[in-house]
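Asker: quick one, fold the following:
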Amino acid sequence: MKLFAALAVILAASSALANPYAGQETRAIKALSTEEVRAYVEGAGTGFARAAELNRHPGPMHALELAAPLDLTPVQRETLSQLMARHKTDARGLGAAVVRLEKELDAMFAAGNPARALVEMKVAEIGAAQARYRASHLTTHLETARLLSAEQIARYDQLRGYTGAGSGDGRRDGRGGHAH
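Answerer: Predicted coordinates:
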């Protein structure tokens, strides 16, 4: 009998280890970790602007962090600071909307068996909110790149460790924008 009890314990432990959702049933919002909720409400980038960042379109936060080695002018610093402040306000509002919608979806399932049409509508709302959040991050990178020179962008990429940055032809005008 002890052998069967030991085997039952081992099987239960191994199935919990094999299930990546084990323990997540206690989350306030099942689909989001505490870290994900925090990132959304704080307006954090968390990789949403990676397409821009890794293709020669710096973000304002890191550009400001690298202000001295990038030799940013006082006007560039001020403009980037304003851009960052506007973006953070925007991203926090957009992120809060994602969290609110995920919470609503979670509540639908917690209340019982939601109608398929309601689930599909809520998921579409969440997807649209996530798209707005990501677009906010990406477009902020576009605005940042327009404020920097080609030399500053190249230096930024070097300082950030992007040795093969950008998949395009790399042509830029003197303001950091793409040459036409």
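
Asker: could I get the average pLDDT for the helix ranked longest in the chain?
Answerer: As far as residue count goes, and with DSSP state H defining each element, the longest helix of the chain is helix 74-110. Confidence over helix 74-110 (mean pLDDT, whole number) is 97.

Asker: after it, next one along is what?
Answerer: helix 116-147 (DSSP states H and E).

Asker: which strands and helices sit next to that next one?
Answerer: Counting contacts by 3 or more C-beta pairs under 8 Å, 6 or more residues apart in numbering; DSSP states H and E, helix 116-147 is packed against helix 50-53, helix 60-65, helix 74-110. Every C-beta, even on glycine, is put in place using the N, C-alpha and C of the backbone.

Asker: tell me how many other residues crowd residue 28.
Answerer: 11 (other C-beta atoms under 10 Å).

Asker: what sits against it?
Answerer: Contact partners of residue 28, counting by C-beta atoms under 8 Å, 6 or more residues apart in numbering, are 37, 103.

Asker: please determine how far it is located from residue 110.
Answerer: Counting by C-beta to C-beta, to the nearest Å, the gap from residue 28 to residue 110 is 11 Å.

Asker: now do the buried residues in the longest helix of the chain.
Answerer: When burial is assessed from 16 or more other C-beta atoms under 10 Å, helix 74-110 yields the following buried residues: 76, 79-80, 83-84, 87-88, 90-92, 94-99, 101-103, 105-106.

Asker: got it, and stretch 117-132?
Answerer: Neighbour counts over stretch 117-132 (16+ other C-beta under 10 Å) mark 122, 125-126, 129-130, 132 as buried.

Asker: now do it: distance to the chain's middle.
Answerer: Offset of stretch 117-132 from its chain centre (C-alpha atoms, centre = their mean, to the nearest Å): 17 Å.

Asker: what is the least confident helix or strand in the protein?
Answerer: Averaged element by element with mean pLDDT, DSSP states H and E, the chain has its least confident helix or strand at helix 2-18 (a mean of 62).
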